[in-house]
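[1] Okay, predicted coordinates and the sequence, questions at the end:
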Amino acid sequence: GDVYKRQGINAEYMGKSPQWKMADEEEKKTKPVNFKTEKDFHTETEVMLEVIRDIKPDWKKRMEVLEKVQGVVVGNSSAKYPEAFDSFILKCVVPISCQILDLRSAIAKSACKTVELMAQNLTNAFDQAAERYLSANCLLKLILNGNKLLSETGHHTILVILQNIVSPKLLCRIADEMKSKNPLLRSKCGQYLHCILTHFPSTVLEKYTGTLEEIIKISVVDAVPDTRAAGRECFISYEEYFPAKAAVLFNSLSTSVQKAIGDTKILKSQPSAGKVVQRAKRTVEKSSDKKKAVMNEDMPKTMYNSWKEAKEISEKEEEAIARSTSSNRKSKENPVKEKIEIVQVTLKRVKAPQPEIPHIDSESNNEEDIEEDSPKDERGKWVGEEETQHTNLNQSGFVEQKGEEMASEVDDDNIDGEPEPEPEPEINQEEEKKQKIGIGPLIQQCESESWEKRHKAFEELSKLIQNDETTLEAGELLSILGVLISHINDSHYKVAQSVLQAIGHAIVLYTKQVSNHLDELAPKVLFSMSDKREPVANISNFVYQLMHTNYGADKLMPSFVKCLEPNHIIRIKAGALEVM
């Protein structure tokens, strides 16, 4: 028995939790309880067992009795009255098991400490009782408790038992539990199996190599990552005992599992390399926070696609406007060039192929102006000199018709020399009138008591914001932003989603105008980011990333600081501290 005795607890499983340090200090303070005669031993122990046999007595009395039992364990009774002491240890199994499953954490911890002291002081003499403690109705049930403190207490007690007692029955019990359907139990049992392979001698393990190999094969392909990691550790420990059998087992595993085991060996042999890898992963995660705003799979795809399209459209429009603005002065002297620019901007705005610009006759009066004053594109070619393919667009007849009208006007101007002012398209004016008329009723509908009407109204506002052919006036945009911000935290999740989606589009397309409302927008978005409704929380986080991308930390910081003022609730303050 002395050969298999283990002193202390493996730090790999113990960790450095303060609660275990406190437990070790209490263990040192345990006062031994001794008896003068064997009769006194029987009398006193029977009284103790009667108190802890049930959970009905007062918990303070049960706590005192458990401390006395611990004193008996560390006392000299095991040497003076060995038979009576062994009988007492077996009689304690049922009462202490009852106390281990008590809902009061103090009682459960004290009972677990009693079992640990028994395992550490009796070692292999405690194997029969240890097998009964290590059952689905005692410690294996405690580790599945929802209370983390109780679960860790039971986990620690099982590790103490396995590190101090060498018993094939314990190995078989853990092997059986590895086939459980409970993922948490399988994960814990994987650690217990590694503990067995670390502390049991090869003479005991040699008889159960078949069982060990079967369990390792199951654990390395388990659905739970922690169980797979424990399985790889078990294989490495098994290989140290039986290299030849481990080589055969290794060849029977899949390529991916073999690679994972190899990586585990490298990290285990070079601990510093493992730390470097973990540090690099953390650095990559921090640096990719901004990219997650666009690439995160949990974010709505429709939101991302529409944002991407809107961004591309705005960039193209800015380029076209910049080119037309840079040549504005020369355009006044050359009306022909001005009309060409209008055609190009119009065609780009409706995203249609550019119609062929009619060639200007060399005998025209404006030939010299065109050669000298026509703007160059990015490739250095004169506007109108690039070859374009004329395509009939059935779906965009306006573009084709508009292109032909403008081209004919260019020819007329070149011939007559007196160009007429270009008429604005009537279709766009009618559409804008219809949309302007509909903004007022839409905003009123946003205040409806019916969530379906509110949802529909906000969907229409979102489309209105995205519409490239609509230019919202300052007053209209102010009204829309006001009603959107007021309904970010709507009671119905579908309405809140549509509101946040519209705000996301507004941030991208009307960045400057929305910046004036950041103080109102920030607390609302922070509140929604911690919403229990997952869809709302996801799109709120996406909107926050859009704010961070478009405005930057310097501009957002004052708004987040204001969220810490006393008039805001704790939920908003916590969100502000988190993002800051």
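    All right, it came through fine.
[2] what comes into contact with the helix or strand that contains residue 475?
    Secondary structure assignment for residue 475, by DSSP states H and E: helix 474-486. With CB atoms under 8 Å, 6 or more residues apart in numbering as the test, helix 474-486 has contacts from 436, 439, 443, 446-447, 458, 461, 464-465, 472, 499, 502-503, 506, 510, 513-514, 517, 520-521, 524. Quick note: C-beta positions are derived from backbone N, CA and C, even for glycine.
[3] Using CSV, write out every CA atom in it.
    Presented in CSV, the C-alpha positions along helix 474-486 are these (Å, rounded to 0.1, in the frame of the first residue of the first chain):
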residue,chain,number,x,y,z
ALA,A,474,-32.7,68.4,-44.2
GLY,A,475,-36.1,68.6,-42.5
GLU,A,476,-37.3,65.2,-43.8
LEU,A,477,-34.0,63.5,-42.8
LEU,A,478,-34.3,65.1,-39.3
SER,A,479,-37.8,63.8,-38.8
ILE,A,480,-36.8,60.3,-40.0
LEU,A,481,-33.8,60.1,-37.7
GLY,A,482,-35.9,61.3,-34.8
VAL,A,483,-38.5,58.6,-35.2
LEU,A,484,-35.9,55.9,-35.8
ILE,A,485,-33.9,56.8,-32.7
SER,A,486,-37.0,56.9,-30.5
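[4] Downstream of that helix, the next helix or strand is which one?
    For helix 474-486, the following helix or strand on the C-terminal side (DSSP H and E) is helix 493-509.
[5] Tell me which helix or strand comes right after that following helix.
    By DSSP H and E, the next helix or strand past helix 493-509 is helix 511-515.
[6] buried set for that next one?
    Within helix 511-515, the residues scored as buried using 16 or more other CB atoms under 10 Å are 513, 514, 515.
[7] Skipping its backbone neighbours, what lies nearest the first one in space?
    This points to residue 513. Using CB to CB, 6 or more residues apart in numbering and skipping the chain neighbours, the partner closest in space to residue 513 is residue 477 (5.6 Å).
[8] Can you report how many residues neighbour that neighbour?
    By other CB atoms under 10 Å, the residues close to residue 477 number 17.
[9] ok, it to residue 184 distance?
    Taking CB to CB, to the nearest Å as the measure, residue 477 falls 53 Å from residue 184.
[10] cool, residue 86 as well?
    From residue 86 to residue 184 the distance is 35 Å (CB to CB).
[11] do the same with residue 266
    29 Å.
[12] Compute the number of surrounding residues for residue 450.
    Neighbours of residue 450 under the rule other CB under 10 Å: 10.
[13] Revised request: answer the last question for residue 199.
    17.
[14] name the element the residue nearest to it when sequence neighbours are not counted belongs to?
    For residue 199, ignoring the flanking residues on the chain, the nearest one in space by CB to CB, 6+ apart is residue 163 at 5.2 Å. In the assignment (DSSP H and E), residue 163 maps to helix 148-164.
[15] helices or strands next to the helix or strand following that helix in the packing?
    From helix 148-164 onward toward the C-terminus, using DSSP H and E, the following helix or strand is helix 168-177. Under the contact definition 3 or more CB pairs under 8 Å, 6 or more residues apart in numbering; DSSP states H and E, helix 168-177 sits against helix 127-133, helix 183-199, helix 202-205, helix 209-219.
[16] what do you get if the cut-off is 10 Å, keeping everything else the same?
    Under the contact criterion of 3 or more CB pairs under 10 Å, 6 or more residues apart in numbering; DSSP states H and E, helix 168-177 touches helix 127-133, helix 139-142, helix 148-164, helix 183-199, helix 202-205, helix 209-219.
[17] Tabulate those helices (JSON lines), appending mean pLDDT and distance to residue 77.
    Formatted as JSON lines, the helices and strands packed on helix 168-177 follow (pLDDT from 0 to 100; distance: least, CB to CB, whole Å):
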{"stretch": "helix 127-133", "mean pLDDT": "93", "distance to residue 77": "16"}
{"stretch": "helix 139-142", "mean pLDDT": "94", "distance to residue 77": "25"}
{"stretch": "helix 148-164", "mean pLDDT": "94", "distance to residue 77": "19"}
{"stretch": "helix 183-199", "mean pLDDT": "93", "distance to residue 77": "28"}
{"stretch": "helix 202-205", "mean pLDDT": "92", "distance to residue 77": "30"}
{"stretch": "helix 209-219", "mean pLDDT": "93", "distance to residue 77": "37"}
